[in-house]
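Asks: Quick one, fold the following:
(chains A and B)
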Amino acid sequence: MDIGKDLVAASATPLVMAILSEGSSYGYAINKRVGELSGGEIQWMDGMLYPLLHRLERNGYVEATWGKSETGRRRKYYRLTDQGREELAHQQRQWQVVDSALRGIWCTSINLVLQGN
Amino acid sequence: MSTLEMTQKLEERINEWRAYLDQHRAIQSVDAEELEDHLRSQVKTLGEVGLDDDEAFFVAVKRLGDLDSLSKEFAREYSERLWKQLVVSPGGDEAASDAKRNAIVAVGLAIAAGISIKVPELFGYNLEEPDDSLNFYIRNFSFFVLPFLAGYFAWKRGLGKVNRMWLAVPFVIAALVMNLLPAGGEGHTVMLAAIHIPIALWLTVGFAYTNGHWRNHDQRMNYVRFSGECFIYYTLIALGGGVLVMSMMFIFNSIGLNAEEFAESWVLPCGVVGAVLISSWLVEAKQSIIENLAPVLTRLFTPLFTVLLLAFLGTIILTGSSINIEREALIGFDLLLVLVLGLLLYSISVRDPHTPPGVFDVLQFLLVVSALVVDMLALWAITDRISEFGFSPNKVAALGENLILLVNLGWSAVLYGRFLMKRSAFTPVERWQTSYIPVYAAWAWFVVLLFPIIFNFQ
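Replies: Just a heads-up that it's a prediction; the model follows:
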């Protein structure tokens, strides 16, 4: 299954912020976690994560610090700020509305779709 | 092949990849470092599941995405680096011919502006004689420069037909108002309009510069940056022009010819208007030069202006003297505060919003606070004078400007304070300044259009 580009783009921000709400992390690990969570269905070009993280940083939702990786190279870690937590809660509510609306309509019509009528 | 050779080859590959990445100027080296870390992590994971170095490297590079679109994505996030993207990405030949075309159009428009300022002389208006005809030039000065500049950007950005019409409207209104205003009484409102119309029209040029996207905050910031850099280029050209004119007069003087008249009636006026177009073109054509120079200048002058304002406030406190505002002093004060605001705006526009607060930000905060206090003192002196002598166009204009600055500086101080205490990101400081720009435009148009009516063409 290919998830549309727009849908991936729209869900990337809350997804990344939610992953960071589990604790601070770095780019590669975040990407890996996205893969785990979606069973590999949600995918983007790995590099595209970084402009997204930098935008979140500029808006004050995440904070970045340079740390060390296990091999001793410099690695940039990201952490969700309080402002980011608020924003995440806000986005969560929006997604819940979308989700419940879709569920509502699918309960009544999904059988028809699946039966191919 | 031994394992050691394998890793060496991988290192080489990664270094080559990194060098190629570094050519994309929208991706700065810290970002490249972050991407490199990603690549290495990916290669390692793939190696663990059984791929050899070569395979792992190629898969990892492929997953990272092609560098051109990645660099575009970075450029979009860092719109202040956008021009770098533009400089590098188009193919060599096309870029070169584009640059050449820009140069030709810019120089052509500069010459046209230079000629336009001499055209009214054919109809008997004289630049040099300070009578009614000088009045013509005072009223119309902006129209020998800014329409050409607006035209340049409309052409360069490929402004749409509808937007081009919107761009023309303010110029037409301005031209009508400036020439129909009756110079009754002492001509105060005409003079005020003449001072404010360049501001109003400069912001109108911003509409063309941003290709109609004037609501976009990043675009507004780009225009602020452009304005500051244009100012610096203009100053440099003016200095060089001054030396040129002096040399010219000197050498012609040595063979018994007086070149003063030629300098005053041709070189000076044509140069003054033409240089605006040349510096606007240079800002974009030779971006990397000014980009290195301008932040240095702001870093140099921010502390100096801070010291100046603090010394001034200290003297007032020590001697207990109050500001005695005559008309000249009033203009001087406004000029000083506008300069400080310009300095503030420009240094905000070149600041990397990602860096945490540092010493320079403390200085900037001090500058804002001291300017705020000076502004309050000036406001106090103005209201004092108004209550003593009543309203006049000049005093009300000064009052309005100082109030506008007061609001800007006051809220800037609050936002800067929050940023310094690490309670918020830098973005709100930027956002506040870009959101405030329409206020200047509204005030400038208000002075031009409504002051004459309110004050009965005094």
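Asks: what is the mean pLDDT for the longest helix anywhere in chain A?
Replies: The residue-count maximum for a helix in chain A (DSSP state H) belongs to helix A:82-114. Taken as a whole, helix A:82-114 has a mean pLDDT of 85.
Asks: mind listing the strands for chain A?
Replies: Secondary structure of chain A (DSSP state E): strands located at A:25-26, A:62-68, A:74-80.
Asks: can you list the residues that contact the helix or strand residue B:261 falls within?
Replies: Assigned by DSSP states H and E, residue B:261 belongs to helix B:260-262. With Cβ atoms under 8 Å, 6 or more residues apart in numbering or on different chains as the contact definition, helix B:260-262 has outside contacts at residue B:249. C-beta here means a position set from N, CA and C on the backbone, and glycine is covered the same way.
Asks: Pull out the buried residues from the helix or strand that it is followed by.
Replies: Downstream of helix B:260-262, the first helix or strand assigned by DSSP H and E is helix B:268-285. By neighbour count on 16 or more other Cβ atoms under 10 Å in any protein chain shown, the buried set for helix B:268-285 is B:269-284.
Asks: residues touching the residue of the stretch 351-458 of chain B at minimum distance from chain A, list them.
Replies: Closest to chain A within the stretch 351-458 of chain B is residue B:425: 3.2 Å, counting by Cβ to the nearest Cβ. Residue B:425 sits next to A:57, A:58, A:59, A:60, A:83, B:353, B:419 when contact means Cβ under 8 Å, 6+ apart.
Asks: Would you mind naming what in chain A lies close to chain B?
Replies: For chain A, the contact set with chain B under Cβ under 8 Å from any Cβ of the partner chain comprises A:26-29, A:31-32, A:45-48, A:50-51, A:54-55, A:57-60, A:64, A:69, A:71, A:73-76, A:83.
Asks: May I see the ChimeraX selection of the buried members of those?
Replies: Buried residues within the residues of chain A next to chain B, by 16+ other Cβ under 10 Å, are selected in ChimeraX with:
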select /A:26,27,28,29,31,32,46,47,48,50,51,54,57,58,59,60,64,69,75,76,83
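Asks: Please flag which of the residues of chain A next to chain B sit within helices.
Replies: A:27, A:28, A:29, A:31, A:32, A:50, A:51, A:54, A:55, A:57, A:58, A:83.
Asks: what's the most distant pair in the residues you listed?
Replies: Spatial extent of these (Cβ to Cβ) is set by the pair A:32 and A:83 at 25.9 Å.
Asks: for residue B:216, what are its contacts?
Replies: residue B:210 are the contacts of residue B:216 under Cβ under 8 Å, 6+ apart.
Asks: Which pLDDT value does the model give it?
Replies: pLDDT, read off for residue B:216, is 87.
Asks: Could you check how far it is from chain A?
Replies: Shown here: residue B:216 relative to chain A, a distance of 15 Å by Cβ to the nearest Cβ, to the nearest Å.
Asks: Let me see the backbone angles for that residue.
Replies: Residue B:216 has phi and psi values of phi -70, psi 120 when expressed as degrees, to the nearest 10.
Asks: Give me every residue in chain B lying close to chain A.
Replies: B:31, B:33-35, B:37-38, B:40-42, B:45, B:63-67, B:69-70, B:73-74, B:76-78, B:353-354, B:424-427.
Asks: Contact partners for residue A:27?
Replies: Residue A:27 neighbours (Cβ under 8 Å, 6+ apart): A:49, A:50, A:53, A:76, A:78, B:34, B:37, B:38.
Asks: And for residue B:360?
Replies: Contacts of residue B:360 (Cβ under 8 Å, 6+ apart): B:299, B:302.
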